[in-house]
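*Asks:* Sequence and computational prediction follow.
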Amino acid sequence: MALRWHARFCAETHGVGLEGGRLVLDLLTAVGGAEPERAGRALRELLSSYDQALAEPLRAWEALRR
């Protein structure tokens, strides 16, 4: 699911280059790791820089984890 979302993000989001796409993929991977809150926050901030709406699901996820 995350890989499919990542592919759509890269294809459909204006201004996403190779570095940005790779960083998003790395952060998606890190959300499943040892520090998910930290990775989720970084991913939310990065996605917000492209489009605030992309960060909304992460805001909801963060609220549930509190």
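*Replies:* It's in. Just so we're clear, the structure is a prediction, and the values are computed from it rather than from any experiment. Residues are numbered from 1 along each chain as shown.

*Asks:* going forward, measure contacts between C-alpha atoms and count neighbours the same way
*Replies:* Fine.

*Asks:* correct me, but Val16 touches Cys10?
*Replies:* Yes - if you go by C-alpha atoms under 8 Å, Val16 and Cys10 touch, sitting 5.9 Å apart.

*Asks:* Of those two, which one has the most company?
*Replies:* Under the criterion of other C-alpha atoms under 10 Å, the comparison of Val16 against Cys10 puts Cys10 first, with 18 against 15.

*Asks:* list the buried ones in the host helix or strand of His6?
*Replies:* Under the criterion of DSSP states H and E, His6 resides in helix 2-12. Buried residues in helix 2-12, counted by 16 or more other C-alpha atoms under 10 Å: 6, 9-10.

*Asks:* now for that helix, which elements pack on it?
*Replies:* If contacts are counted by 3 or more C-alpha pairs under 8 Å, 6 or more residues apart in numbering; DSSP states H and E, helix 2-12 sits against helix 18-31.

*Asks:* how far is the helix it packs on from where the chain is centred?
*Replies:* The chain centre lies 7 Å from the centre of helix 18-31; the measure is C-alpha atoms, centre = their mean, to the nearest Å.

*Asks:* what mean pLDDT does the next helix or strand after it have?
*Replies:* Following helix 18-31 in sequence order, the next helix or strand is helix 36-50 (DSSP H and E). Taken as a whole, helix 36-50 has a mean pLDDT of 96.
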